[in-house]
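Need coordinates for the following:
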Amino acid sequence: FSELDWMVKTAKSNNASVTIVIGQKVIRWPECYYPDWVDKSNPKAVQPAVQDYIRAVGQRYAAEPAIKYWQLENEFLLRVFGTCPKQNLENKYLQAELDALRSTGTKTPIMLSASDEFGFPWFGPVAEIYGFSMYKHVWNPILGYVSYIQPGEYNLFRAAWIWALRGQASTIHELQAEAWGAKGQGNEILPYEEAQKTMNPKYLQEVVDYARSTHIREFDLWGAETWWDYKTKRNQPEMWEAVKKIVSGSSAQSQF
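Numbers count the residues shown, from 1 in each chain. As a prediction, this is how the structure comes out:
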């Protein structure tokens, strides 16, 4: 736990809150990082190990005040993204993992996340928070560079219906603040000129305005490591400075 302990301690010492993402499919490609000693092709081997892991982490940080949310899995039912055996990604396993985390006695709210840009949580378990991602400018292997056309009001509608039907608050757990390009899954390695096609300070402000139009109270900017990489290794601090400006003046409001 040494690295995670350090992260939590550092966040707390800087009055920052933390969301811990836990599970078998988490953030950053390839998303699923199974240890060598588990047979990842066999759900009967994976599930007991995953639940033991979730209970161990949950028990360690169950009462940690710096942790604002648990995020259980990341877009768990999105089977087309990441190098994850599809047979491990089923609703019944997500429910078992949720039960394992709750068995630790943690009072920290638990977030489950959507598996696409448009969906509703019609099926599957219910946690306290429902998170979904919002992107505007992306690269598609068929269409090339494209921009999503749905208005922010669509996500306002989605959040309202989720609250009405399932009693879950909504948050934007992944708001695009980094490039999305064609050169592999590591967007932080994109050439700077290509990265500009899907993310730059102008696009960042556009995306933040887009998120604010949903009236959802909270959204997490996605891509801090890329701003830092550009600033410290490429002498391109524009995104870092743009984020600082936006965060210092942020005042998102919502009824959800």
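
Going by C-alpha atoms from here, please, whenever you check contacts or count neighbours.
Fine.

What pairs with the longest strand along the chain, parallel or antiparallel?
Determined from DSSP state E, the single longest strand within the chain is strand 169-176. Here strand 169-176 is paired, per DSSP bridges, with strand 129-134 (parallel), strand 219-222 (parallel).

Deepest-packed of those, please.
strand 129-134 (a mean of 23; mean count of other CA atoms under 10 Å).

Could I get the average pLDDT for it?
Averaging pLDDT along strand 129-134 gives 92.

How about stretch 150-161?
On average, the pLDDT along stretch 150-161 is 86.

In CSV, list the strands paired with strand 169-176 along with distance to P48.
CSV is the format used below for the strands paired with strand 169-176 (distance: least, CA to CA, whole Å):
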stretch, distance to P48
strand 129-134, 25
strand 219-222, 31
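
for these, which one sits closest to S147?
strand 129-134 (11.3 Å; CA to CA).

elements contacting whatever helix or strand comes next after the closest one?
Using DSSP states H and E, the helix or strand that follows strand 129-134 in sequence is strand 137-140. The contact analysis (3 or more CA pairs under 8 Å, 6 or more residues apart in numbering; DSSP states H and E) places strand 137-140 against strand 144-147.

Residues contacting the strand it packs on, please?
Applying CA atoms under 8 Å, 6 or more residues apart in numbering, the contact partners of strand 144-147 are 136-140, 197-198.

Can I have the buried ones of these as a PyMOL selection?
Of these, the buried ones can be selected in PyMOL as follows, counting by 16 or more other CA atoms under 10 Å:
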select buried, resi 136+137+138+139+197+198
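
Could you find the lowest-pLDDT member of the contacts of strand 144-147?
For the contacts of strand 144-147, the pLDDT minimum is N140, 85.

Dig out what that residue forms beta bridges with.
Beta-bridge partners of N140, as defined by DSSP bridges: G144.

G181 versus that one, what's the distance?
8 Å (CA to CA, to the nearest Å).

What of G144?
If you go by CA to CA, the gap between G144 and G181 works out to 9 Å.

wait, which of the contacts of strand 144-147 is closest to P109?
When these are compared against P109 (criterion: CA to CA), the nearest one is K136, at 28.2 Å.

does that closest one really touch Y148, like I thought?
Yes: assessed by CA atoms under 8 Å, K136 is found in contact with Y148 at 5.1 Å.

rewinding a little: can you lay out the contacts of strand 144-147 as a markdown table showing distance to D209?
Shown next, in a markdown table, are the contacts of strand 144-147 (distance: CA to CA, whole Å):
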| residue | distance to D209 |
| --- | --- |
| K136 | 11 |
| H137 | 14 |
| V138 | 17 |
| W139 | 21 |
| N140 | 23 |
| K197 | 18 |
| T198 | 16 |
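
partners of I129 in the sheet?
Beta-bridge partners of I129, as defined by DSSP bridges: M111, A169.
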